[in-house]
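Undergrad: Would you be able to build a 3D model of this:
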Amino acid sequence: MKFPRPLLCLGLFLPCVLLSGCKDKNAVQVYRVSKGEPEAAAKKNSVPESSGASGMPSMGAAGESGAAASAQPPQVAGNPPAHWEARPLSTMRQASYLVKGENGATADISLVLLAGTAGGVLDNINRWLSQLGQPEITAEQLAKIAGHVASPLGDVAVVDLEGLPEGADAAKDGRIVAGIISGDSVSFFFKMRGNAALAAAQKAAFLEWIGTVRRAECKSVEFHP
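TA: Predicted structure coming up:
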């Protein structure tokens, strides 16, 4: 059966439009900090952490291991250490891992993506500090403790925070090493929280992993007439 020429052209045009959407590779600025975590504050203005990162086992934040797995395709990929155990991804986590040490020590690692600035760098670091039972810091103090890591996503602000909240289990808490990329359209939160000695021992691997995280590429789709 013959179709009118305008309809035939439209049918050929639509698949091209759909495929072109996979080519967006805009980089997102990253900031590196050495102190805290943002998930709680970010939930106000957040884009649900779609599924885990492709190529990277999931990593999570303390207390989130029971989160429901997400069916959304991952938006990022990276190269985590082989000894990090992949954990189920949630609606907000793009990556989730668990690291185990001696005498029951553990550290939870996660990558969360949120819409907009999600509170910014300083507010999220102060939130992490509060999780460790520590007082807030100022922007001036942050400038003195923050480090920076280069990644395919941009410059990551990184912080290393230590403190054990009252009643916390020292085998699973006591230190947060985290990185933030706070952008206008999307923000990335890298976080490792767990036993202080184990987190310190994993810090180099954690920062190296951050440097490999990139946007996941769309898989090509073939259309057959």
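
Undergrad: Can you check the pLDDT for the spatially closest residue to N195 that is not a sequence neighbour?
TA: In space, and not counting its chain neighbours, N195 is closest to A105: 3.8 Å by CB to CB, 6 or more residues apart in numbering. Using the backbone N, CA and C atoms, a C-beta is placed for each residue, glycine as well. pLDDT recorded at A105 is 98.

Undergrad: got the contact list for A105?
TA: For A105, the contact set (CB atoms under 8 Å, 6 or more residues apart in numbering) comprises 171-172, 194-195, 197-198.

Undergrad: Adding secondary structure, write these out as TSV.
TA: Below are those laid out as TSV (DSSP: H, G, I helix; E, B strand; the rest coil):
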residue	secondary structure
A171	coil
K172	coil
G194	strand
N195	strand
A197	helix
L198	helix
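
Undergrad: Relative to G120, which of those is nearest.
TA: The closest of these to G120 turns out to be G194 (CB to CB; 25.0 Å).

Undergrad: who's in contact with that closest one?
TA: Applying CB under 8 Å, 6+ apart, the residues near G194 are 62, 99, 105-108, 172-175.

Undergrad: Who wins on neighbours among those?
TA: In terms of neighbours by other CB atoms under 10 Å, these top out with A107 at 31 neighbours.

Undergrad: If that one is in a bridge, with which residues?
TA: V99, G194 (DSSP bridges).

Undergrad: you'd agree it is up against A199?
TA: Yes: A107 lies in contact with A199 (CB atoms under 8 Å); the separation is 5.0 Å.

Undergrad: In stretch 211-220, which of the residues would be classed as buried?
TA: For stretch 211-220, burial by neighbour count (16 or more other CB atoms under 10 Å) applies to 211, 213-216.

Undergrad: ok, back up a step: would you list the contacts of A105 in a markdown table and tack on distance to N126 and pLDDT?
TA: Output for those, formatted as a markdown table (distance: CB to CB, whole Å; pLDDT from 0 to 100):
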| residue | distance to N126 | pLDDT |
| --- | --- | --- |
| A171 | 26 | 97 |
| K172 | 22 | 97 |
| G194 | 20 | 98 |
| N195 | 23 | 98 |
| A197 | 25 | 98 |
| L198 | 24 | 98 |
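
Undergrad: Pipe these into a markdown table and attach distance to Q134 per row.
TA: Shown next, in a markdown table, are those (distance: CB to CB, whole Å):
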| residue | distance to Q134 |
| --- | --- |
| A171 | 19 |
| K172 | 17 |
| G194 | 16 |
| N195 | 17 |
| A197 | 18 |
| L198 | 19 |
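
Undergrad: Now, the buried residues of stretch 211-220 that are in helices?
TA: Per DSSP state H, helices hold no members of the buried residues of stretch 211-220.

Undergrad: and the residues you listed, which two are the farthest apart?
TA: For those, the farthest-apart pair by CB to CB is G211 and A216; their separation is 16.4 Å.

Undergrad: which residues sit in contact with I137?
TA: Counting by CB under 8 Å, 6+ apart, I137 touches 35, 122, 125-126, 129, 145.

Undergrad: hang on, it is in a helix, isn't it?
TA: No: looking at I137 with three-state DSSP, it is coil, so not inside a helix.

Undergrad: ranges for the helices of the chain?
TA: With helices called from DSSP H, the chain shows them at 5-20, 39-42, 120-131, 139-145, 196-210.

Undergrad: tell me the mean pLDDT over the first one?
TA: Spelled out, that is helix 5-20. Average pLDDT, helix 5-20: 43.
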